[in-house]
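Novice: no sequence for this one, just the structure:
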């Protein structure tokens, strides 16, 4: 009897050891880059057009799906089949839907999170931002704290990345394919907005005293910013944005600054290739720190400050949709000094880039059967 039990346990242990836990994932590739050797690992699949992810204190993730669902993902159990209730109704067309999710810095104590999404109004669709409390499988006490006034019928150029830093909430808002509004200080289109977590405009916002300007505006002259991150060493806020045909940009935000669109751009008109505006750079306009021509369609951005890849500390990691790759920009003294293109074409369109609490790099792919991937040191 004892011998048979021991044999059964040994057989069970052999099966367990032969079947790796889902958290280990499937190795897609092993990559030897300029400064690091790493494995690209597929962790989960089955997400529909995932747009953003956030790491919860209990080790799970929250992932937004553009059609309007917010889901838990457990790397041991996979994607929770039951989406959270209480998510606001979204307008899901083209690039619109449920977009970014960001946790309050005191989330562990207050369970507060923020969502950016597109909702339909009287004159068309526009970006909104809501805050809510997470309780089990539901969002509670949801309240809209920002409504963009840039309503339009088009389903493109929403921006919608969120960043909580130094007690403020930064929101990127695209130009809604009405490029002239990016220079109009009465419109939220083509702006980076800075508000308090309760939705009010801070007293020290740079354009608050300018007649006719919306008090929430922090910077203007943007086209479609889909990446925002805070540089750990300096506290500076960086963004990237889509150009038209060429002219994707990386910029560092200066309060009240004009970033040029559509007066100055490295991009050109779709199809014809005709120049746009007055040139590439001009007086009174901040020039980009980095430009991609042809476009890579950047989406998602994070500064690396972990221990898993010490050679990358201080660098910018940026996903690319059209380019289907991860871009690493070397940053020194507030300047971009070099670029490296990684995992090109291996997993498809990369929508979001995050550095996890473990110091590893996590990627979301934009697909009907989207997934979460991780970069891990090899060897």
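Specialist: Happy to help now that I have it. This structure is a prediction, so every number in the text was calculated from the model and none was measured. Residues are numbered from 1 along each chain as shown.

Novice: tell me the pLDDT of the nearest residue to residue 311 once chain neighbours are set aside.
Specialist: Spatial nearest neighbour of residue 311, chain neighbours left out: residue 35 (3.8 Å); criterion: C-beta to C-beta, 6 or more residues apart in numbering. C-beta coordinates here come from the backbone N, C-alpha and C atoms, glycine included. pLDDT for residue 35: 96.

Novice: what's the answer for residue 379, then?
Specialist: Turning to residue 379, the model gives it a pLDDT of 75.

Novice: with adjacent residues omitted, what lies nearest to residue 142?
Specialist: Once flanking residues are discounted, residue 142 sits nearest to residue 132: 3.9 Å by C-beta to C-beta, 6+ apart.

Novice: what's whichever strand or helix holds that neighbour packed up against?
Specialist: Following DSSP states H and E, one finds residue 132 within strand 124-135. Using 3 or more C-beta pairs under 8 Å, 6 or more residues apart in numbering; DSSP states H and E, the elements in contact with strand 124-135 are strand 112-121, strand 138-147, strand 159-165, strand 168-173.

Novice: now with 10 Å?
Specialist: Counting by 3 or more C-beta pairs under 10 Å, 6 or more residues apart in numbering; DSSP states H and E, the packing neighbours recorded for strand 124-135 are strand 69-74, strand 98-103, helix 107-110, strand 112-121, strand 138-147, strand 159-165, strand 168-173, strand 191-195.

Novice: the ones you listed: which one's closest to residue 273?
Specialist: Relative to residue 273, the nearest member of these by C-beta to C-beta is strand 159-165, separated by 25.1 Å.

Novice: so how far is residue 157 from residue 178?
Specialist: Going from residue 178 to residue 157 by C-beta to C-beta, to the nearest Å gives 9 Å.

Novice: please enumerate the shared neighbours of the two.
Specialist: Residues touching both residue 178 and residue 157 (C-beta atoms under 10 Å, 6 or more residues apart in numbering) are 150, 189-190.

Novice: if you rank those residues by neighbours, which is first?
Specialist: Counting neighbours by other C-beta atoms under 10 Å, the top entry in these is residue 190, with 32 neighbours.

Novice: find the nearest non-adjacent residue to it, please.
Specialist: residue 182 (2.7 Å).

Novice: what's the answer for residue 70, then?
Specialist: residue 84 is the one closest to residue 70 (C-beta to C-beta, 6+ apart), at 4.6 Å.

Novice: my guess is residue 182 contacts residue 192. True?
Specialist: No: Residue 182 is not in contact with residue 192 according to C-beta atoms under 10 Å; the separation is 11.1 Å.

Novice: between these two, what contacts are shared?
Specialist: Applying C-beta under 10 Å, 6+ apart, one finds that residue 182 and residue 192 are jointly contacted by 173, 220-222, 259.

Novice: tell me the one of those nearest residue 56?
Specialist: Among the shared contacts of residue 182 and residue 192, residue 173 lies closest to residue 56 (C-beta to C-beta), at 27.0 Å.

Novice: tell me which stretches of the stretch 251-379 of the chain form strands.
Specialist: All strands of the stretch 251-379 of the chain, identified by DSSP state E, counting those that start in this stretch, fall at 290-292, 298-303, 316-320, 325-332, 335-342, 350-355, 361-365, 370-377.

Novice: what residues sit buried inside the shortest one?
Specialist: Along strand 290-292, the positions that meet the burial threshold by neighbour count (16 or more other C-beta atoms under 10 Å) are 290-292.

Novice: give me every residue that touches residue 95.
Specialist: 51, 66, 118, 154-160, 174, 224, 226.

Novice: done for today, thanks.
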